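[1] Just a sequence and a predicted model for now, questions to come.
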Amino acid sequence: MSWIFGCLSENLREDDSLKFQTIHRDPIQLFKTTSLYLAIGGNKNTTITSKDLKQINSESKGWLVSGIGLISGDQNQKIMSAIDWAKQLESGSFDPSKINGHFVVVVWDNDKSIKIYNDLIGFRTIYLFSQKDKIIFSTELSWLTKLVNNPSINMENLGSRWLTFNQLSHGCLINGIEKLVPGGKIEIRPNKIVIENKNWIPEKVGATSESFTDCLVPFLFPKSDSNFPITLGLSGGLDSRTLLAMAVSEKDASFRKKLIIHSFGEKDDSDLVVASEICKKIGVEHTLLSKDFTYDKNFIAKLSDYSEDAILVEPVSSFIKNIYFEDEYFNNKIVIDGANGEIARRQFYNRLFLKGRSDLKTRNAKNILGHLRINRADIFTTEAMIEMENGSLSDVEKLFEVIPPVEQIGVEKFIDMIAIKFRFPNYFGSEQSRLDKKIVCYMPFSQASVLEQAFHLPESEKRNSRLFYNLISKNKPILKRFPLVKNGITYPYGLNSLSAFIFTKLKKRIITRDLFDPTYLLYQSMKDYINDLAASTEVRNFSLYNHDKVYKIIDRYYKGDRSVQSQLDWWFTFELWRQNHHL
């Protein structure tokens, strides 16, 4: 990802700078004074600094941005250039809530004071800690743990990240390190940190399907000084198809001609088959990306890097589907991703919505936690699990402190606020940060101005995907002829949410052919590696593991019990993450 590493100290020595340079990667820009050390690097297309404006070359005053910002242009959103950022940051009244996109911004007027901001949704964040006379910060958590004495896991903060769909707080997973919350601000002075947390609630707007569409469309054809072509990811799902329908119906033909489509996966994957048929029918350029994997030591190293970036939100096997973003196809393109359209379809936390309505109204935290719980892997000691359970319960209780009362906004909006405040930054934020490392990419449905519209849409428009079905009918009705795909299973277009769920569940049970399982192939190829890792001194000495449970999962799996494959996947994920963070 594009990254930032910095330090502020009243007495910054040369040996400090030399030590820092062994921790971070080669920077694109480096700012150094006797008090300040700032490095930024990674993807040059998601890295901008004040030095990019040739007339500014100051070390003790400047700014830098990791990520991308989006501002309104004439008709479309514009990806912010160095000049655009300078206008915002040098105005004296910078307000990140007025900017869409995902970013971390560092600003300093002198080398004695630094201000750090991030985007309103929190897709990008920064970590910091104090060490003697230094305050050190970075977008890369694993780099900071190299500097912390005896770093350890905050099991209470890990709790909801491991036991539920996503972490339900913004606490850092490492003791002694703090994390910038969504839309927050940190002011750093020598030996002093002031953190301002912004509790953003979508501003109330009179949202309609028309106003939602008017807000969303400008994100489909963003302008940029680079003039990179735009590529839309198309699967067999409803969200990307809705974006496609709106894009190909756009009246301005000059924008339409810039659109190309990509899909990736195995060649016989249902998503690829449906996407290919759609593009062929409507006559748009379509690139299919498919790979043959070799599970060698190089691939395992990439899995390790992925676990470091994913921060326990996805198992490492997910890298198999995410590796496609490393393809050269995505170089010098703007990638439009249809993720998070569920927010306009009332599809987040359905179990809580269906079974926990009364618990939300009575604030029964224990029952709410049960509705949000998922099973990753049972690998920790009893004592560790107690800490994680207590942390998870505390996180649920605190939801009612940061979200307006259910009685005021209703159950549906309360659940959507959980998604916006915690699932978006804690789940999707990790992948967005990782993608910034390679490509220019953003999610139109996840932009703050779009979320304001989606949040305040009438619930009748969101239920059963009514809004998206209507948008497809209005913009490109021919797309109704093709089935939809969920988790590799096709189902008829037009089904409501419950019918689609039942249909795909039943169809999966009766499918006689073996579904391609790359995760199985991965772990079969790594049998010796996994057994050696589990037997290593480093694993045997890790006190938070229930080693009997870990060994039993591995033993059962390699004796043919594929029902524990997910638990093996998650244990391996945790182990790689733990080692990358020196825990």
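    In hand now; what should we look at? Numbering: from 1, shown residues only.

[2] what's residue 482 in contact with, if anything?
    Shown in contact with residue 482 (Cβ atoms under 8 Å, 6 or more residues apart in numbering): 236, 241, 274, 277-278, 281, 493. Glycine gets a C-beta too; all of them are placed from N, C-alpha and C.

[3] Next secondary structure after the helix or strand bottoming out on mean pLDDT in the chain?
    When the helices and strands of the chain are compared on mean pLDDT, DSSP states H and E, helix 253-256 comes out lowest with a mean of 59. As assigned by DSSP states H and E, the chain's next helix or strand after helix 253-256 is strand 259-264.

[4] After that following strand, which helix or strand is next?
    Once strand 259-264 ends, the next helix or strand along the chain (criterion: DSSP H and E) is helix 270-282.

[5] Would you mind extracting the C-alpha trace of stretch 91-111 into CSV?
    Output in CSV follows, covering the C-alpha atoms of stretch 91-111 (Å, rounded to 0.1, in the frame of the first residue of the first chain):
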residue,chain,number,x,y,z
SER,A,91,-6.4,27.2,3.1
GLY,A,92,-6.1,27.1,6.9
SER,A,93,-9.5,25.5,7.4
PHE,A,94,-9.0,21.9,6.2
ASP,A,95,-12.2,19.8,6.7
PRO,A,96,-11.7,16.1,5.6
SER,A,97,-15.4,15.5,5.9
LYS,A,98,-15.9,17.5,2.7
ILE,A,99,-13.8,15.1,0.7
ASN,A,100,-14.8,11.6,-0.5
GLY,A,101,-12.3,8.9,-1.0
HIS,A,102,-9.9,7.1,1.4
PHE,A,103,-6.8,8.7,2.7
VAL,A,104,-4.5,9.6,5.5
VAL,A,105,-3.2,13.2,5.5
VAL,A,106,-0.2,14.6,7.5
VAL,A,107,0.3,18.4,7.7
TRP,A,108,3.0,20.4,9.5
ASP,A,109,3.5,24.2,9.6
ASN,A,110,6.8,23.8,11.4
ASP,A,111,8.8,20.9,12.6
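
[6] Quick check: mean pLDDT of it?
    For stretch 91-111, mean pLDDT rounds to 92.

[7] and that stretch, how far out from the chain's middle?
    Chain-centre distance of stretch 91-111: 21 Å, with Cα atoms, centre = their mean, to the nearest Å.

[8] What residues sit buried inside it?
    For stretch 91-111, burial by neighbour count (16 or more other Cβ atoms under 10 Å) applies to 94, 96, 99-108, 111.

[9] Just flag the most distant two among those residues.
    Within the buried residues of stretch 91-111, 100 and 111 form the most distant pair, 31.0 Å apart (Cβ to Cβ).

[10] quick one, helices of the stretch 1-150 of the chain?
    Ranges of helices within the stretch 1-150 of the chain are 14-23, 82-89, 141-145, based on DSSP state H, counting those that start in this stretch.

[11] And those helices: which comes nearest residue 447?
    Among these, if distance is taken as Cβ to Cβ, the winner is helix 82-89, at 16.4 Å.

[12] Which other helices and strands does that closest one contact?
    In this structure, helix 82-89 packs against strand 47-49, strand 62-72, strand 100-110, with contacts taken as 3 or more Cβ pairs under 8 Å, 6 or more residues apart in numbering; DSSP states H and E.

[13] now those strands in CSV, with distance to residue 265?
    As requested, the helices and strands packed on helix 82-89 are exported to CSV (distance: least, Cβ to Cβ, whole Å):
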stretch, distance to residue 265
strand 47-49, 30
strand 62-72, 26
strand 100-110, 25
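
[14] closest to residue 31 out of the ones you listed?
    Here strand 62-72 is closest among the helices and strands packed on helix 82-89 (Cβ to Cβ), at 6.4 Å.

[15] what angle separates that closest one from strand 100-110?
    150 degrees (axes from the mean of the first three to the mean of the last three Cα atoms, to 10 degrees).

[16] Name all residues that make contact with the closest residue to residue 265 other than its chain neighbours.
    Leaving aside its chain neighbours, residue 265 sits nearest to residue 272 (5.2 Å; criterion: Cβ to Cβ, 6 or more residues apart in numbering). For residue 272, the contacting residues are 263-266, 288, 290, by Cβ under 8 Å, 6+ apart.
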